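>>> pasting a predicted model and its sequence here:
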Amino acid sequence: MRKGFDGLAVMTQQVLEQSPHSGALFAFRGKRGDLVKLLWYDGQGMCLFSKRMDRGRFVWPSTKTGSVVMTAAQLSMLLEGIDWRRPERTFTPSLAG
């Protein structure tokens, strides 16, 4: 996962066949699954965010096409290391109100 701004922008164009300047957020995962990089164009320049998990791995969706469309909630859970396909509640209210 040594690619930076330019390498990920080229990968976005060639592999995903998308424009890195479209305003969409592009996420890339390392081989071990403990590193994720996000590439985003904010209208003025490219932003590159990265996160490495101390323990555990990012739960990455499987795909046959190479790209996945995610909601903001799914991306948030992915970045927190939560399995967004089967989220579990830690508290279930017993009484209403």
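Here it is on my side, so go on.
>>> residue 77: neighbour count?
17 (other Cβ atoms under 10 Å). The way it works is simple: take the backbone N, C-alpha and C, and place the C-beta from them, glycine included.
>>> make sure it is indeed in a helix.
Yes. Assigned with DSSP: H, G, I helix; E, B strand; the rest coil, residue 77 falls within a helix.
>>> which parts of this protein are helices?
When secondary structure is read from DSSP state H, the chain shows helices at 5-14, 72-80.
>>> so, low pLDDT: which residues of this structure?
Flagging of the chain using pLDDT under 70 yields the residue ranges 88-93, 97.
>>> okay, which residue is most central for it?
Centroid check for the chain by Cα atoms, centre = their mean gives residue 27 as the closest residue, at 4.0 Å.
>>> got the contact list for that one?
Contact criterion Cβ atoms under 8 Å, 6 or more residues apart in numbering gives 36-39, 70, 75, 78 as the residues in contact with residue 27.
>>> if we go to 10 Å?
Contacts here follow Cβ atoms under 10 Å, 6 or more residues apart in numbering; on that basis residue 27 touches 8, 36-40, 49, 58, 60, 67-68, 70, 75, 78-79.
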